[in-house]
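Student: sequence plus the predicted model coming up.
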Amino acid sequence: MTLYRLESPGTLVSPVVIAAFDSWIDAGSASSTAVEQIADGGNEIVGFDGDLLFDYRSRRPTLEIVDGRMAELTWPAVGIRHRRIGERDVLVLAGAEPDFRWREFADNVVEIARKLEVGLWISLGAIPAAVPHTRPVNILGSTSQPGLLLGDIQPGPAGVLRVPSAALSVLEHAIGQAGIPAVGYYAQIPHYISGPYPAAAVELLRAVGRHLDTEIPHATLAEEARTLRERLDLATAGEETTRTYVSRLEAMVDEERLPAGDDLITEIEQFLRDRGGSGDRG
């Protein structure tokens, strides 16, 4: 028994999977925003059975009521969309992070990747960190084997890091164990940002673009990032405590004093507590 239905996309050219979920590892909605930009206009070729994967009391469907009439229900969903970008076929796995059956879900995703002869897996995520909005977005990398990360991104942080896993990480690990090259790019989001952070989505798109050997359009996101930066600068300038705190974060970044593993775990755990333990499910 499988959790999915697959519609054949035909012959694929050097297919790559790009994956991100709406979950706690999507701080600032950066990774989900990036994959929506990548998947825009794509056709769904894989749909997963939501009744088996989601707890609807935790991640409730959205009800649209028009003039007192229940008009439409939108259910949480996860699937794979297909697009051709440059010289490659791109398969975007995105949607809500499943609540149940993670191991079976991972087995099914590996099975799909093998059927479609996927040559590379790219995870996209975003995590809260003690970084300022006034500096370029830092990207942490993960890799199933040396030499896969492109640009100046290095695997990190150094040492052993034990954190609550996300479904995305379970998939990336399973894909790597199956012998399919896998990388992950995780943007660090200023932990004092409470809403979308488009600057991080732009950097994630640039990371993906290096693998696809093409630039993924992001002009609208770049403009949103500039607007947000201006608002944050004004807010910081108007409040001394905040200004002092941001200055301290700037000094840490400029001196390359990145948080140690234990500090990063503390930030992540605080982030999870602030969002109710498992992410903002609405």
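Tutor: Here it is on my side, so go on. Numbering: from 1, shown residues only.

Student: now the strands for the stretch 101-250 of the chain?
Tutor: Secondary structure of the stretch 101-250 of the chain (DSSP state E, counting those that start in this stretch): strands located at 120-129, 139-143, 182-190.

Student: mean neighbour count, distance to residue 3 and mean pLDDT added to those, as CSV?
Tutor: All C-beta atoms are positioned from the backbone trio N, CA, C, and that covers glycine. Shown next, in CSV, are the strands of the stretch 101-250 of the chain (neighbours: other C-beta atoms under 10 Å; distance: least, C-beta to C-beta, whole Å; pLDDT from 0 to 100):
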stretch, mean neighbour count, distance to residue 3, mean pLDDT
strand 120-129, 25, 18, 96
strand 139-143, 20, 25, 94
strand 182-190, 26, 20, 96
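
Student: just put these in JSON lines and tack on distance to residue 18.
Tutor: Output for the strands of the stretch 101-250 of the chain, formatted as JSON lines (distance: least, C-beta to C-beta, whole Å):
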{"stretch": "strand 120-129", "distance to residue 18": "5"}
{"stretch": "strand 139-143", "distance to residue 18": "14"}
{"stretch": "strand 182-190", "distance to residue 18": "10"}
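
Student: I'd like to know which of the ones you listed is closest to residue 11.
Tutor: strand 120-129 (17.5 Å; C-beta to C-beta).

Student: show me the shaky parts of the stretch 151-282 of the chain.
Tutor: Low-confidence segments of the stretch 151-282 of the chain (pLDDT under 70): 257-282.

Student: that one: helices as residue ranges?
Tutor: Counting by DSSP state H, counting those that start in this stretch, the stretch 151-282 of the chain has helices at residues 167-177, 198-212, 219-237, 240-254, 261-274.

Student: now do the contacts for residue 217.
Tutor: residue 37 (C-beta atoms under 8 Å, 6 or more residues apart in numbering).

Student: show me where the stretch 1-150 of the chain dips below the pLDDT cut-off.
Tutor: Using pLDDT under 70, nothing in the stretch 1-150 of the chain is flagged.

Student: give the bridge partners for the closest residue to residue 5 other than its chain neighbours, please.
Tutor: Residue nearest to residue 5 in three dimensions, not counting chain neighbours: residue 47, with 5.4 Å by C-beta to C-beta, 6 or more residues apart in numbering. With beta bridges defined as DSSP bridges, residue 47 has these partners: residue 5, residue 79.

Student: just give me the neighbour total for residue 47.
Tutor: Neighbourhood size, residue 47 [other C-beta atoms under 10 Å]: 16.

Student: that one contacts residue 53, correct?
Tutor: No: counting by C-beta atoms under 8 Å, residue 47 sits too far from residue 53 to count as a contact (11.0 Å).

Student: got the end-to-end distance for stretch 63-72?
Tutor: Length of stretch 63-72, first residue to last, C-alpha to C-alpha, to the nearest Å: 6 Å.

Student: check what contacts that stretch and list those residues.
Tutor: Residues from elsewhere that reach stretch 63-72 (C-beta under 8 Å, 6+ apart): 73, 74.

Student: run through the residues that contact the residue nearest to residue 5.
Tutor: Counting by C-beta under 8 Å, 6+ apart, residue 47 touches 4, 5, 77, 79.
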